[in-house]
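Trainee: show me the folded form of this:
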Amino acid sequence: MARMTAARAAVEILKREGATQLFGLPGAAINPFYAAIRAEAAENGGGSIKHVLARHVEGAAHMAEGFTRAVAGNIGVCIGTSGPAGTDMITGLYSAAADSIPILCITGQAPVSKLHKEDFQAVDIASIAAPLTKMAKTVLEPAQVPGVFQQAFHLMRSGRPGPVLIDLPIDVQGTEIEFDIETYQPLPVYKPVASFAQVEKVLDMLLAADRPLIVSGGGVINADAAELLVDLAELLHVPVVPTLMGWGSMDDRHPLNAGMVGLQTSHRYGNATMLEADFVLGIGNRWANRHTGDLDVYRRGRKFVHIDIEPTQVGRVFPPDYSVVSDAHAALELLLAAAQDRQARGALRDYRGWASDCAQRKATMHRRTDFDDVPVKPQRVYHEMNRAFGSDVRYVSTIGLSQIQAAQMLQVHLPRHWINAGQAGPLGWTVPAALGVATAVPDALVVGLSGDYDFQFMIEELAVGAQFGIPYVHVLVNNAYLGLIRQAQRAFDMDYCVQLSFENINAPEVNGYGVDHVKVAEGLGCKAIRVFKPEGIRPALLEAQELASQLRVPVVVEVILERITNVSMGLAIDNIIEFEDVDDRTGHNDEVLALSD
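Mentor: Alright, predicted model coming up:
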């Protein structure tokens, strides 16, 4: 049996488990692990595991999350040293756990003998991370390292996916152990599967309804089950409502896509259709409060069935009329087979009339986007993004009015093409997450979308894209405000501590909007374009695509917006406040949809 350091054994296991990309920062307490990575690369002609050097460890965690989300089966890995590196990763672990995303965080640690002595940069990171992970463990015995890594990948992939943290004391990393990588096998992955009787009952309940809907959540994306979802909806002629995390599971142009429902990230036609429905089948969703709003309004007059991989999610928000604990892919396979059997027996109902009613709402109930105002109204930005970017664009965003209006107005056509920190929504997430996505799909068009505050939180990570040749386009909508918080403060009759505007003595050309994002981006090795007028948006977006492709660096398109825009939202899905004129012309989106191919 071969002898190797515990750190080298960990590196070999990463390879066998399919990990191909690391994001991180070396440091004294993690250097033995980096030495093992370097040795593996030297022995194997550059190595099978790539590494991107982040500028901040939180950024590395978000890069790992973007990498995981971009391609089915990916697991991003982030690495940091002891102490503050681990605590910096906590926000990344929270974001990944909240959205059921598997990432592996590896931290260095003080020697085992010093753990109880408050050694330099020694912190009990496993205890800190425990509530946000499926496992958080400080490995005290070198011989346990292979088993801990094996269990980590098993847990990340089994049941509801999620993150794991492994903490490695420096002496544990460097100790030699007996380990035979040639006989190593990943542990079998466990996922709960619906029974035939359960799916038959679900179909019975759906077919007893007159106006059924399917709500497609992030679990459908995570399970790589979007194609099955579309097949089932088409067979039954039942409209689909994607959640924010499930956006892309059915093409926005599909006639059965009924639009998103919710308080903020929603469509007028989606909310109207939900209010007309009498039965809702939720698959891989969690009934998040931004989706449901007032539960009395959301639930009134309709029955609910909930299918989810995690037993503790069932009944967490409200008790469904029936529930099934199952992986979304397995459940949809069984539902499709059962529906096909009923079709063969002539036992399906015809829902084409109901689907047509939903499609009619979708054809007319829109928000206006074609404003010509200067300063630019944000709706026009999304209008031009739909026109400039093709159907294969991959959007990355986190939180704020920018994200909310994006969900109201952008078009998404494929699974894993809307990548969003849905529940945690940490500011600063977008830049590093977009870099992680672009690393995973280097030839794809990746477009980050931020307001100015999100962009400023981790702007330094743009240098990572410049250094490692990771091109993507970042659309920055700048109103020099904490826009979502300012709008929320209307209820308190204040506008307090939310303005980011100031007279920049070095950049009078930004007209009091404060930070000169163009100079900062260029100083970090990237390219940037600033736009003041609506007619300049689309040319800038097209130029940015060309520059990113040619120069292989991130390219920022900053659009200077009007200072105040109140974005459509409310407390219940039947009471959304529309602050701007709506547009109920039939075919409002025809031009946009045609140009997005």
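
Trainee: am I right that Q360 sits in a helix?
Mentor: Yes. Q360 forms part of a helix when assessed by DSSP: H, G, I helix; E, B strand; the rest coil.

Trainee: would you check how far apart it and Y269 are?
Mentor: Distance of Q360 to Y269, given as C-beta to C-beta, to the nearest Å: 9 Å. Every residue, glycine included, has its C-beta placed from N, CA and C.

Trainee: so which of the two has more stuff around it?
Mentor: More crowded of Q360 and Y269, by other C-beta atoms under 10 Å: Y269, with 21 against 12.

Trainee: pretty sure the more buried one is touching N257, no?
Mentor: No. Look at Y269 against N257 with C-beta atoms under 8 Å: they stay out of range, at 10.1 Å.

Trainee: what is in contact with those two at once?
Mentor: K362 (C-beta atoms under 8 Å, 6 or more residues apart in numbering).

Trainee: mind listing what the residue most central in space within the chain touches?
Mentor: By C-alpha atoms, centre = their mean, the chain has its centre lying nearest to N420, at 3.0 Å. Contact analysis of N420 by C-beta under 8 Å, 6+ apart lists 244-245, 247, 395-398, 403.

Trainee: tell me how far it lies from W354.
Mentor: Separation of N420 from W354 (C-beta to C-beta): 29 Å.

Trainee: repeat that for A85.
Mentor: Distance of A85 to W354, given as C-beta to C-beta: 54 Å.

Trainee: more neighbours: which of the two?
Mentor: Using other C-beta under 10 Å as the criterion, A85 and W354 rank with A85 on top: 28 against 22.

Trainee: dihedrals phi and psi, the more buried one?
Mentor: Dihedral pair for A85: phi -60, psi -40, per degrees, to the nearest 10.

Trainee: run a quick neighbour tally on the closest residue to it other than its chain neighbours.
Mentor: Spatially, and ignoring its direct neighbours in sequence, A85 is nearest to V57 (4.6 Å; C-beta to C-beta, 6 or more residues apart in numbering). By other C-beta under 10 Å, the residues close to V57 number 27.

Trainee: mind listing what V57 touches?
Mentor: V57 is in contact with 24-25, 78, 80, 84-85, 88-89, counting by C-beta under 8 Å, 6+ apart.

Trainee: if we use 7 Å, what do you get?
Mentor: By C-beta atoms under 7 Å, 6 or more residues apart in numbering, V57 lies in contact with 25, 80, 85, 88-89.

Trainee: out of those residues, who has the most neighbours?
Mentor: Counting neighbours by other C-beta under 10 Å, M89 comes out on top of the contacts of V57 with 31 neighbours.

Trainee: look at that residue and report its pLDDT.
Mentor: Note on M89: pLDDT of 96.

Trainee: state the distance from it to G24.
Mentor: 10 Å.

Trainee: any common contacting residues for the two?
Mentor: Residues touching both M89 and G24 (C-beta under 7 Å, 6+ apart): 78, 80.

Trainee: among the contacts of N420, name the ones in strands.
Mentor: Counted as lying in strands by DSSP state E, out of the contacts of N420, are 395-397.

Trainee: and those residues as CSV, adding neighbour count and distance to L275?
Mentor: Below are the ones in strands among the contacts of N420 laid out as CSV (neighbours: other C-beta atoms under 10 Å; distance: C-beta to C-beta, whole Å):
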residue, neighbour count, distance to L275
Y395, 27, 28
V396, 29, 31
S397, 27, 27
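
Trainee: any weak-confidence spans in this protein?
Mentor: Scanning the chain for pLDDT under 70 picks out 1, 586-597.

Trainee: biggest helix in the protein by residues?
Mentor: In terms of residue count, the longest helix belonging to the chain (DSSP state H) is helix 328-344.

Trainee: contacts for that one next, please.
Mentor: With C-beta under 7 Å, 6+ apart as the test, helix 328-344 has contacts from 191, 193-194, 196, 199-200, 202-203, 219-220, 223-225, 228-229, 231-232, 235-236, 283-284, 307, 309, 324, 348.

Trainee: of these, keep whichever come out buried.
Mentor: For the contacts of helix 328-344, a burial check counting by 16 or more other C-beta atoms under 10 Å picks out 191, 193-194, 199, 202-203, 219-220, 223, 225, 228-229, 231-232, 236, 283-284, 307, 309, 324, 348.

Trainee: sort out for me which of the residues you listed are in helices.
Mentor: Residues of the buried ones among the contacts of helix 328-344 located in helices (DSSP H): 199, 202-203, 219-220, 228-229, 231-232, 236.

Trainee: surely G293 meets A572?
Mentor: Yes. With contact defined as C-beta atoms under 7 Å, G293 and A572 form a contacting pair (4.7 Å).

Trainee: look at these two and report which has more neighbours.
Mentor: Higher neighbour count among G293 and A572: G293, with 23 against 15, using other C-beta under 10 Å.

Trainee: which residues does the more buried one contact?
Mentor: For G293, the contact set (C-beta under 7 Å, 6+ apart) comprises 262-263, 571-573.
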